[in-house]
Structures are given as C-alpha cells and as structure tokens.
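*Asks:* Sequence and computational prediction follow.
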Amino acid sequence: MNPTNTNFFLKTDDSSIRILIADDHLIIREGLRLILETEEGFELVGEATDGAEAIRLAADLHPDIILMDLRMPGIDGLTAIKRLHVEQPDIAIVILTTFNEDDLMRGGLRAGARGYLLKDTDRQTLFNTIRAAVRGETLLRPEVLTRLLAQTESKPPSTPGAYNLELTSREREILAGVAHGQRSKEIALQLGITERTVKAHLASIYSKLGVDSRAAAIAVAAHRGWLPKD
C-alpha cells in the first residue's frame with residue numbers, strides 16, 4: 001500500500017515521537033515530511049487535508065503530536081483542536097501559522113494547542129518545539145511573541161467579567177519564565193523556590209485565566225499585556 005496515496009505510514013520505532021500533519025497544502029506537508037525524515041526520533045504516521053480527517057486519523061493512529069493548520073476546508077483547524085482537546089486530550093497539538101492569523105492562533109491556544117510554529121520556521125526550531133510540546137512545555141518564537149505583545153498596545157482594556165482576577169507578582173514572574181520557554185525546574189532555580197511551588201503557582205494561574213495549558217496562559221496574558229516586552 002502506498003503511503004502517499006493512503007495518508008497512512010507504518011510505525012517502525014516504538015521510541016519515536018509519532019507525528020500527524022494536518023494541512024490542506026500538499027507542498028507544506030511534503031516539506032515537513034522531508035525535514036522530519038532527516039531527524040532521528042521522529043516518525044510521521046499520517047497526513048490529513050482537513051480537520052475532519054485529522055480527527056479521524058488521530059483516533060485511528062494515536063499520534064503523540066499533531067501539527068495543525070488553522071485554515072482548512074470543511075472542519076477547520078480551530079474546530080478540530082477544540083474537538084481533539086475534549087476527545088483526546090493526551091495528544092499534543094502545535095499550530096502551523098502565518099503572521100496574518102494572530103487572532104486564530106490565540107483562539108487555538110485557548111482551545112488547547114500547546115504551541116505554534118510559523119510555516120517558514122527553521123528545522124531546529126521545528127524539532128525543539130515538537131519535543132517541548134510532547135513534554136507538555138512551550139517554546140515561543142520571539143518574533144511571534146513580539147507581534148502578540150504589540151497587538152495588546154492597540155486593544156482597549158479588557159471589560160469587567162472574564163479573567164477579572166489579577167495575577168500576583170510571583171505568578172507574573174513565573175508566567176514570564178514560561179513565556180521564555182523555561183521549564184518548571186529552571187524557573188524554580190531562577191526564583192529560589194521549589195519546583196513543586198512553581199507547579200502550584202501554575203495551577204493558580206490556569207484557574208484564574210480559565211485555561212489548562214502553558215500555551216493558553218501565554219496567549220491570554222499576552223492579550224492582556226501582562227508579559228514583559230523585553
């Protein structure tokens with residue numbers, strides 16, 4: 001059976017990170033496939049051309065991570081992320097985005113995606129982001145975060161109601177560390193507290209912001225102008 005025609009790939013290494021690509025552009029899928037094939041520890045198990053196929057293949061193939069485009073015909077990426085976050089929350093999702101999709105990207109992060117990649121990203125950033133997402137961490141491209149932060153300057157203050165609980169100074173320090181891609185143990189070492197304390201603060205941050213992931217917390221904090229701009 002030809003993998004190119006069926007969108008299925010045979011698993012060869014149980015230790016590999018299993019990856020599903022969801023993008024309606026063949027050239028994007030082919031480019032990612034060629035890059036991923038050069039790196040040990042990654043296995044491309046399937047390709048989807050829309051959100052509906054991504055949901056179906058995720059159920060059939062049980063990938064560790066999905067690289068998800070947001071603009072696809074039929075069921076789009078944002079809708080697929082919401083479905084998958086409920087139905088298969090253990091699968092890490094990383095958004096494939098371009099600079100003109102900032103609002104959709106924030107929506108995807110709030111819906112449960114663990115991170116995002118620009119479609120013109122370099123190979124090492126791609127590899128690092130995949131590995132971080134599978135570990136439950138988030139790595140941010142500086143130019144993307146800068147763009148998100150810049151947009152907050154032109155937005156009016158948040159209306160009372162949603163997200164009306166302010167973060168403590170310690171919580172903001174921890175969130176800033178998360179935004180810079182630091183792990184919990186790195187943040188703990190920097191602040192002189194225990195890793196367990198960092199995780200407790202993260203749980204409080206998630207509760208206050210109404211989110212359940214680092215990426216979603218960063219998206220909300222950037223929207224509200226709570227992240228340092230340096």
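*Replies:* That came through, no problem.
*Asks:* what packs against the helix or strand harbouring residue 185?
*Replies:* According to DSSP states H and E, residue 185 maps onto helix 184-191. Here helix 184-191 touches helix 169-179, helix 195-209, going by 3 or more CB pairs under 8 Å, 6 or more residues apart in numbering; DSSP states H and E. All C-beta spots, glycine's among them, are computed from the backbone N, C-alpha and C.
*Asks:* Now do it: distance to the chain's middle.
*Replies:* Relative to the mean C-alpha coordinate of its chain, helix 184-191 is positioned 22 Å out (CA atoms, centre = their mean, to the nearest Å).
*Asks:* So what touches it?
*Replies:* Applying CB atoms under 8 Å, 6 or more residues apart in numbering, the contact partners of helix 184-191 are 170, 173-174, 177-178, 182, 194-195, 197-199, 202.
*Asks:* And residue 68, its phi and psi?
*Replies:* phi -110, psi 120 (degrees, to the nearest 10).
*Asks:* Nearest residue to residue 214 in space, please, no chain neighbours.
*Replies:* Nearest residue to residue 214 in three dimensions, chain neighbours excluded: residue 138, at 4.4 Å (CB to CB, 6 or more residues apart in numbering).
*Asks:* which residues does the one you found contact?
*Replies:* Residues counted as contacts of residue 138 (CB under 8 Å, 6+ apart) are 114-115, 132, 178, 181, 213-215, 218.
*Asks:* Apply 10 Å and report the result again.
*Replies:* Residue 138 is in contact with 94, 109, 113-116, 129, 132, 178-182, 213-218, counting by CB atoms under 10 Å, 6 or more residues apart in numbering.
*Asks:* confidence score at it?
*Replies:* Reported pLDDT at residue 138 in the predicted model: 72.
*Asks:* Could you grab the helix/strand/coil label for it?
*Replies:* Under DSSP: H, G, I helix; E, B strand; the rest coil, residue 138 falls in the coil class.
*Asks:* Against residue 102, how distant is it?
*Replies:* Counting by CB to CB, to the nearest Å, the separation of residue 138 from residue 102 is 17 Å.
*Asks:* Likewise for residue 92?
*Replies:* Applying CB to CB, the value for residue 92 to residue 102 is 21 Å.
*Asks:* who's more crowded, these two?
*Replies:* Counted by other CB atoms under 10 Å, residue 92 and residue 102 do not tie: residue 92 has more neighbours, with 25 against 17.
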